[in-house]
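**Q** dropping a prediction and its sequence here:
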Amino acid sequence: MKNKLSYILILLMSASIFSCKDDEVVSSDGYSSDREFMTMFRKDDNTGKGDSDPYRCQAVNLNDIQLYWYGVKDCAGYEVKMALQPNVSSGLAKDWENPDYILFDTIVGPDVTDLLIKDLQYSTDYRFAIRTLSKKGEAYHSKWYGYGNGRQWADYLGITTGDRYNVPEVIVVNQVTKTTFRINIDRAYATSGDDGTFKTNFEVDENGNFVMHVITIEASPTNPQATVPEKWQKYSLTSADFQRGYIDIDGLQENSVYVINAENKNIPVRWDAIYNTCVIRMDGDPGDPILIKHFCDPNDTIAGATTYNASRLDTILSNYNSDASLAEGTIFELEGGKTYYLANNVSLCKGLTLRTKAGTGRAKVLMNGMSTVNGAAQAMNFMFGRQPQSGELGGINIKSLIFEDIDFDCPLAKNYGDGSVTGNYFINMYSNGMAVTLQSFELKNCTFQRMIRGFVRVQGTNRKNFEKFIVENCLFYNCGYYDNNGRGYAWIAGDGTPDTGKSNIYANMIFRNNTFYDSPRTCFFTDNGKNLPWPSNIQYNITLENNTFVNYSTRSSGRKIFDLRYLPGGSKITVKKNLFILTKKDGDARNLYMEGMDIRQVNGSGEITFDVAQNYSTNTNLTSGNIFSASAFSASKNSAGFWSDYNLSGKAELEVHLGQNGISPTDLMTNPNPPYASPDANMHEVDNLDGLYYKNTDAVRNHEIYKLGIGDPRWAKTVMP
């Protein structure tokens, strides 16, 4: 509180100093030093009152926004701007001054210190800016308040409108081609699945049908140049359309995205007049793979780019999202042995493949991490989906996102041991992102280093459905260690929202033939511990097979592999032929906790299938003869052991085996121990994983780990039969 009040005092003192200057003195930035005081929107950062301030800026009535600001004596008035968060989140004046980004720009009189903006789009993140106007003219107006970039908490105002009430699904789009699609219409209230609110918020006629008059089709803001034939822009529905049950739309552009709505003209507010929104991408034919030639611009202004001899990649991928000349599914190839980088987050909202060109070695992609500001690494992420633009209430469909044969890194990212921890991921998601249906997400033969806070994370209130998620032949090291307990976010962080349980990123998730070295995280799989009323069509199907785990999340207790307390009925968990290793060199005092599973309840049908078999461990650093210090797969409470009758291979296979004779990590591998001992700041880091190759000895050849092909198979290549 004291710091906030001091901040306000400094601002007022600064303004007072300027007001005493000579009128003709103009600063180097073009503003008169006698300009008006800069007002501010009222928010907790400058009032210190939190929600107790009746004059705070806030969303009201779900989709209205009430603004309040401080008055400035003897000014000419105030100018207020509004924009969507994704368009101005940079905080740069060039974005706030781009007329294409500004949704609202108005001037009010000097006695006005509040403004109510009504009937905005639901579930949308808006940003606001304000300046004080001078009676002396433009050169004397105050500087803008609100141009902050989101990290400058006191210098920007962002308000998100409330979520819309539940909406009946009256239109569904299918049979999509390059230029046509079909809109299926279902107006029947009786089959709408009313949650008790539909008749309150939507008009139903005497025949039991939802009232709708027009279908609107418009180009998505991602490709505003896409054309729509005039007859379809605002099509009046006919009785023949309702009787037929569908409309066939033609004359559209291939590879383009369109927004489709059904609207009731009796309701005056558009955001309440429309039903469910459909966002559809037209088909197209992907051409030949596109080679992204390496070019390190000697005049690149992105810090560190020339130091790493790196070629910029993010602009190419971002431009692809809106490029209607490139079909979804385009393959981008990188030059092997070359380094590329991201300067900004990249939205993944259009299916693509990013891979190293065959036969050229491996390309490296830096998730920035090439420079620091005040000791903090400048890290970037890929982002599932994208943020909505004006008029976009629906979800997006993405075909396949595939990454192959690439080394991903964020070289200057810091973990807890380094200080100034980096909050980065490989792929994150916007909290206000659109609903996403992803047909396939695939990581193959890649390496990942220095993804500190998490690896894959979804968030936000909108639906997320991933139909297939495959990670194969990948290496993960020098990741995690976000805090002293080794937490942060899970490797795969589901969020368990929306609370209806209609989201599912675990429908078909496979991790196979990978190695995870150290890299402490809170857990591997989680859905945020949500106990939800899963619909019958939602089941998890998770496969963890032939992976090698060395010192998996050992820093503190409670770090499970499966942290899925409440599963939807009909789910299946497969855990087969994985190798678990706990190892450290003599004199290393590090903790070696390791935990397996926390599953407490199966909802819905109550049915669950476990396929747990042929998992092995080395024989050192055990707890009562078990590699797990707690929460073993075989535990009789909150684990698969409680449902042992549902394990396809029987109760005995829930145990992690040692083998007939057992083998130590150092007898199995050439040099598996962490190179840095506790409490070294680098104790969870390793230069490379070459020490994991198996020794070419009889002890290895005769052990079940080798004979049965347990763990990541790459490490057994050094063993001669």
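**A** On my side now, so go ahead.
**Q** dump the residue contacts of the residue lying closest to residue 140 once chain neighbours are set aside.
**A** When the adjacent residues along the chain are set aside, residue 140 lies closest to residue 134, with 3.6 Å between them (C-beta to C-beta, 6 or more residues apart in numbering). C-beta here means a position set from N, CA and C on the backbone, and glycine is covered the same way. Neighbour list for residue 134: 35-36, 75-76, 140-142 [criterion: C-beta atoms under 8 Å, 6 or more residues apart in numbering].
**Q** residue 297 too?
**A** 305-306, 312.
**Q** same thing but at 10 Å, please
**A** By C-beta atoms under 10 Å, 6 or more residues apart in numbering, residue 297 lies in contact with 305-306, 310-312.
**Q** counting neighbours, which of the residues you listed end up buried?
**A** Neighbour counting with 16 or more other C-beta atoms under 10 Å marks 305, 310-312 as buried within the contacts of residue 297.
**Q** looking at these, which are in strands?
**A** In strands, defined here by DSSP state E, the members of these are 310-312.
**Q** quick one: which of the residues you listed is nearest residue 586?
**A** Of all those, residue 586 sits closest to residue 310, with 40.9 Å by C-beta to C-beta.
**Q** ok, now which ones touch the closest one?
**A** Contacts for residue 310 (C-beta under 10 Å, 6+ apart) come out as 294-297, 300, 302, 304, 338-343, 364-366, 368, 370.
**Q** and it, how far is that from residue 364?
**A** 8 Å (C-beta to C-beta, to the nearest Å).
**Q** which neighbours do these two share?
**A** 338-341.
**Q** what is the burial count for residue 269?
**A** Number of residues near residue 269 (other C-beta atoms under 10 Å) recorded here: 11.
**Q** what's the answer for the one 5 residues further on, then?
**A** Other residues near residue 274 number 24, with proximity taken as other C-beta under 10 Å.
**Q** among the contacts of residue 134, which pair sits farthest apart?
**A** Pairwise distances across the contacts of residue 134 (C-beta to C-beta) peak at 11.9 Å, for the pair 35 and 76.
**Q** re earlier: cross the contacts of residue 310 against strands and list the overlap.
**A** Cross-referencing those against strands under DSSP E gives 339-341, 364-366, 368, 370.
**Q** residue 550: which of those residues is nearest?
**A** Proximity of these to residue 550 (C-beta to C-beta) peaks at residue 364, which lies at 23.2 Å.
**Q** which of the helices or strands spans residue 438?
**A** With elements taken from DSSP states H and E, the one containing residue 438 is strand 436-444.
**Q** buried ones in that strand?
**A** Using 16+ other C-beta under 10 Å as the test for burial, strand 436-444 gives 436, 438, 440-444.
**Q** note down every partner strand of whichever helix or strand comes after it and its orientation.
**A** Note on strand 436-444: by DSSP H and E, the next helix or strand toward the C-terminus is strand 447-449. Paired strands of strand 447-449, with direction, are strand 406-409 (parallel), strand 475-477 (parallel) (DSSP bridges).
**Q** for the helix or strand following strand 447-449, the distance to its chain's centre please.
**A** The C-terminal neighbour of strand 447-449 among helices and strands, as given by DSSP H and E, is strand 456-457. Centroid separation between strand 456-457 and its chain, computed with C-alpha atoms, centre = their mean, to the nearest Å, is 6 Å.
**Q** pLDDT averaged over strand 456-457 - what is it?
**A** Taken as a whole, strand 456-457 carries a mean pLDDT of 98.
**Q** immediately after that strand, which helix or strand?
**A** That would be, after strand 456-457 and using DSSP H and E, strand 464-466.
**Q** closest one of the ones in strands among the buried ones among the contacts of residue 297 to residue 193?
**A** Nearest to residue 193 out of these is residue 312 (C-beta to C-beta; 47.6 Å).
**Q** where along the stretch 51-200 of the chain do the strands fall?
**A** Listed in chain order, the strands of the stretch 51-200 of the chain (DSSP state E, counting those that start in this stretch) span 58-60, 64-68, 77-84, 102-108, 114-117, 125-133, 157-160, 171-174, 181-185.
**Q** tell me which of those strands sits nearest to residue 548.
**A** strand 125-133 (41.8 Å).
**Q** which elements pack onto the closest one?
**A** Packing partners of strand 125-133 (3 or more C-beta pairs under 10 Å, 6 or more residues apart in numbering; DSSP states H and E): strand 64-68, strand 77-84, helix 85-88, helix 93-96, strand 102-108, strand 114-117, strand 157-160.
**Q** chain center to that strand: distance?
**A** Relative to its chain's centre, strand 125-133 lies at 28 Å (C-alpha atoms, centre = their mean).
**Q** ok, stretch 533-548 next?
**A** So, by C-alpha atoms, centre = their mean, the centroid of stretch 533-548 is 20 Å from its chain's centroid.
**Q** what's around residue 480, how many residues?
**A** By other C-beta under 10 Å, 30 other residues sit near residue 480.
**Q** quick one on the thing from earlier: out of the strands of the stretch 51-200 of the chain, deepest packed?
**A** Among the strands of the stretch 51-200 of the chain, the stretch with the highest mean neighbour count (mean count of other C-beta atoms under 10 Å) is strand 125-133, at a mean of 22.
**Q** strands along the stretch 501-650 of the chain, start to end?
**A** Using DSSP E, counting those that start in this stretch, strands in the stretch 501-650 of the chain cover 509-512, 515-517, 525-526, 541-545, 548-550, 562-563, 566-567, 571-576, 579-581, 597-598, 601-602, 608-613, 616-617.
**Q** in CSV: the ones you listed, plus mean neighbour count and distance to residue 402.
**A** Formatted as CSV, these follow (neighbours: other C-beta atoms under 10 Å; distance: least, C-beta to C-beta, whole Å):
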stretch, mean neighbour count, distance to residue 402
strand 509-512, 20, 14
strand 515-517, 23, 21
strand 525-526, 23, 21
strand 541-545, 19, 18
strand 548-550, 26, 24
strand 562-563, 23, 26
strand 566-567, 21, 28
strand 571-576, 21, 23
strand 579-581, 23, 27
strand 597-598, 24, 30
strand 601-602, 15, 33
strand 608-613, 20, 27
strand 616-617, 25, 31
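**Q** reformat those strands as TSV; add mean pLDDT and distance to residue 385.
**A** Converted to TSV, these look like this (pLDDT from 0 to 100; distance: least, C-beta to C-beta, whole Å):
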stretch	mean pLDDT	distance to residue 385
strand 509-512	99	18
strand 515-517	99	26
strand 525-526	98	20
strand 541-545	99	22
strand 548-550	99	30
strand 562-563	98	24
strand 566-567	94	25
strand 571-576	98	25
strand 579-581	99	35
strand 597-598	98	29
strand 601-602	95	30
strand 608-613	98	30
strand 616-617	99	39
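**Q** looking at these, which is nearest to residue 481?
**A** Closest to residue 481 of the strands of the stretch 501-650 of the chain is strand 515-517 (C-beta to C-beta; 12.2 Å).
**Q** packing partners of that closest one?
**A** Using 3+ C-beta pairs under 10 Å, 6+ apart, the elements in contact with strand 515-517 are strand 475-477, strand 548-550.
**Q** before we move on, back to that, among the helices and strands packed on strand 125-133, single out whichever gets nearest to residue 462.
**A** For residue 462, the closest of the helices and strands packed on strand 125-133 is strand 157-160, at 12.5 Å, according to C-beta to C-beta.
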